[in-house]
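In: mind folding the following:
(chains A and B)
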2 protein chains.
Amino acid sequence: MPDNKESSTLSPALLLEVAGRYQDTAALTAAIELDVFTAIGEGNVTADALGTRCHAAERGMRILCNALVIIGFLTKSENRYGLTQDSAMFLDRRSRAYMGTIPRFITSATSRNAFALLTEAVRKGSTALPGQGSMEPENPLWVEFARAMGPMMHLPAEHIAVLVDAKAAKRSKVLDIAAGHGFFGITIARNNPNAEITAVDWPSVLEVAKENATQAGVASRYRGLPGSVFDADLGSGFDIVLLTGFLHHFDPNTCETLLRKVNNAMTPGGRVVVLDFVPNDDRISPPATAKFSLTMLAMTKAGDAYTFSEFERMLTNSGFGPVTLHEVPRTPLQIVLGVKKTH
Amino acid sequence: MPDNKESSTLSPALLLEVAGRYQDTAALTAAIELDVFTAIGEGNVTADALGTRCHAAERGMRILCNALVIIGFLTKSENRYGLTQDSAMFLDRRSRAYMGTIPRFITSATSRNAFALLTEAVRKGSTALPGQGSMEPENPLWVEFARAMGPMMHLPAEHIAVLVDAKAAKRSKVLDIAAGHGFFGITIARNNPNAEITAVDWPSVLEVAKENATQAGVASRYRGLPGSVFDADLGSGFDIVLLTGFLHHFDPNTCETLLRKVNNAMTPGGRVVVLDFVPNDDRISPPATAKFSLTMLAMTKAGDAYTFSEFERMLTNSGFGPVTLHEVPRTPLQIVLGVKKTH
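Out: All right, here's what the predicted structure looks like:
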């Protein structure tokens, strides 16, 4: 038995815990698939009642719910389970802020394959997926993104609408690049009746954005521009360009090439809005923001989570300035705002 | 933007984090595969030096190491990485306490398949793997267990040797059931020159145990009994029976059947040592102990992490008493000790 004082504080607990973290992801996705959180919200609070409601064994439900308590999604008292405030808000399907679709994207087959090949990606310094990884043209991953990640984007979208002063209702031409679900452009259009949105994405993804634009009642001011933004004729006269969760897929040179193309399509004084994971210069904080870099290593050829100084350099080199950083509370995301220089 | 006070404390952070926890497991296993921890211990502390030493891209190494800092395995200062005390002890291959083999078992193909089918397991209340799940006869998983998990068991094995007073060197016949790596019996034999060990396991697993017994210099007092303990003729006269990490694979009735068979093979006053995950009655604490139940749901037909009162009942029903509980510091495991009744 170790007999010195120092060794008594040492523990392999983190090693054991992290080796098994994939099981926590499985517990969460199983619970969402079985709709356990909604069932508890409805008042089915024992393993027995939950089994009946979710068409599952009482024993399976008891063990799953105990794991969800340990992970932090549920409370337990005298064998009765309850939702935490966060779970009631984000995991009960009846909540307007329901985000139970998010793990579908984060645990998509493409993502899982990419992380299964992580060792090889570290060796290469680049995705070990074939071709461009997640950036392969028309990758179905992006339809999944558009369908799954919309609910998470309402808060940042409202934030962006405020930042570009959509309420002022000035005539605005908005270019939404890699629009996905479309909520960034749509939210500006909802707030500004004089905004016209052009959304760029793969045709299959634009269908989702257009559905959402129709639901939001802004379809008449919503135009799709199908294809790759690198190949597309963007036109001109844009007052606002949205680059949400997009630049992180590319190396800095490619980002600058795109930013120059975007700059050329904008009016002087126009604003480019970059929503992204922007870590501090130490690249280890904030934790959830900085860790995103690993996903880019696993899934793209040369993408990264760029720091503010890196974004500032890219934007300055592409005809923007001044460049400012803005927090988006309660998300791991930040906003970098660049103004097109007038001379 | 949400405008009431309560909503400002709500956050989907846990949902996002747990959805991505499988990526932490991938980061750890990639780092072990590339031997990053040993390389840092040797003094390669920059991404550049690590890339050279580990035959990987500097960029890949930089991103991986930043993730390992965020997860808690490394320190970082001015782009130089360092080992935490725990990583130096358990993840540097040159350490005698190296445990970098452990994730191989926790993330084995069988385990991953089982957790990929977790939703179905919850529905059934039983593993969705074919047949007996991890308990299929001669499942190669148990060779993997014997090879990978040995290093974690030295501390509990020393603990058990003390508990059964091996140093007293009394003549002892020891039965080690599902011996795996064999270290529980071997440690008793090392401490007690008058102990003779009979190890039960699948033939392929016994090869590993015998290798370890030979290395420990106790091979002459080490006998293998190949096959299933449920079918084997155990003989008689055992003073100590070890049931380490075994009963959790079965339902309580099967456990009692086995315990009665074991009891019949023992001398009066003999001791059965159950090393297992023994959660509190609330089944949610201690966390790492209680969570093990989910693994049994995913991988076995009817296994579980049993509480002390459940073990006490099984043992009492099978001819043992008194039954006592013993902690094993710095592990998620506990020991339940039962004495064979003399009448």
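
In: in stretch A:215-229, which of the residues would be classed as buried?
Out: For stretch A:215-229, a neighbour-count test (16 or more other Cβ atoms under 10 Å in any protein chain shown) marks A:216, A:218, A:219, A:221, A:222, A:224, A:225, A:227, A:229 as buried. Where C-beta positions appear, they are placed from N, C-alpha and C, glycine not excepted.

In: do I have it right that the fifth one meets residue A:190?
Out: Just to be clear, that refers to residue A:222. No: with contact defined as Cβ atoms under 8 Å, residue A:222 and residue A:190 do not form a contacting pair (10.9 Å).

In: excluding its backbone neighbours, what's nearest residue A:337?
Out: residue A:324 (5.0 Å; Cβ to Cβ, 6 or more residues apart in numbering or on different chains).

In: what residues does the host helix or strand of that neighbour touch?
Out: Using DSSP states H and E, residue A:324 maps to strand A:320-327. Here strand A:320-327 makes contact (Cβ atoms under 8 Å, 6 or more residues apart in numbering or on different chains) with A:159, A:163, A:259, A:263, A:272, A:278, A:308, A:311-312, A:315-316, A:334-341.

In: can you rerun that using 10 Å?
Out: With contact meaning Cβ atoms under 10 Å, 6 or more residues apart in numbering or on different chains, strand A:320-327 is reached by A:159-160, A:162-163, A:259-260, A:262-263, A:266, A:270-275, A:278, A:286, A:307-309, A:311-316, A:333-341.

In: for it, which strands pair with it and how are they oriented?
Out: strand A:334-340 (antiparallel) (DSSP bridges).

In: where along the stretch 101-250 of chain A do the helices fall?
Out: Using DSSP state H, counting those that start in this stretch, the helices of the stretch 101-250 of chain A run over A:102-106, A:109-116, A:118-124, A:141-148, A:154-163, A:183-191, A:203-215.

In: tell me the angle the worst-scoring helix or strand of chain A on mean pLDDT makes with helix A:203-215.
Out: The helix or strand of chain A with the poorest confidence is helix A:141-148; it has a mean of 89 (mean pLDDT, DSSP states H and E). When axes from the mean of the first three to the mean of the last three Cα atoms, to 10 degrees is applied, the directions of helix A:141-148 and helix A:203-215 differ by 20 degrees.

In: check which helices and strands helix A:141-148 is in contact with.
Out: Applying 3 or more Cβ pairs under 10 Å, 6 or more residues apart in numbering or on different chains; DSSP states H and E, one finds that helix A:141-148 contacts helix A:102-106, helix A:109-116, strand A:195-201, helix A:203-215.

In: redo these as a markdown table? Include distance to residue B:34 and mean pLDDT.
Out: Converted to a markdown table, the helices and strands packed on helix A:141-148 look like this (distance: least, Cβ to Cβ, whole Å; pLDDT from 0 to 100):
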| stretch | distance to residue B:34 | mean pLDDT |
| --- | --- | --- |
| helix A:102-106 | 24 | 94 |
| helix A:109-116 | 15 | 96 |
| strand A:195-201 | 37 | 98 |
| helix A:203-215 | 36 | 96 |
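
In: measure the spatially most central residue of chain A to chain B for me?
Out: Centroid-nearest residue in chain A: residue A:149, 6.2 Å away (criterion: Cα atoms, centre = their mean). Using Cβ to the nearest Cβ, to the nearest Å, residue A:149 is found at 11 Å from chain B.

In: what sits against the closest residue to that residue other than its chain neighbours?
Out: With sequence-adjacent residues excluded and distances taken as Cβ to Cβ, 6+ apart, residue A:149 is closest to residue A:105, at 5.3 Å. Shown in contact with residue A:105 (Cβ under 10 Å, 6+ apart): A:111, A:141, A:142, A:144, A:145, A:146, A:147, A:148, A:149, A:152, B:19.

In: how far away is the fifth one from chain B?
Out: Think residue A:145. Residue A:145 is 14 Å from chain B, by Cβ to the nearest Cβ.

In: and if you look at the second one?
Out: Between residue A:141 and chain B the computed distance is 15 Å (Cβ to the nearest Cβ).

In: same check, this time on the fourth one
Out: When Cβ to the nearest Cβ is the yardstick, residue A:144 and chain B sit 13 Å from each other.

In: before we move on, back to that, next, format the helices and strands packed on helix A:141-148 as a markdown table and append distance to residue B:328.
Out: What follows is the helices and strands packed on helix A:141-148, written out as a markdown table (distance: least, Cβ to Cβ, whole Å):
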| stretch | distance to residue B:328 |
| --- | --- |
| helix A:102-106 | 35 |
| helix A:109-116 | 33 |
| strand A:195-201 | 55 |
| helix A:203-215 | 53 |
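
In: which stretch among the ones you listed comes nearest residue B:63?
Out: Evaluated over the helices and strands packed on helix A:141-148, closeness to residue B:63 peaks at helix A:109-116, with 12.9 Å, by Cβ to Cβ.

In: pull out the buried residues from that closest one.
Out: Within helix A:109-116, the residues scored as buried using 16+ other Cβ under 10 Å are A:110, A:111, A:112, A:113, A:114, A:115, A:116.
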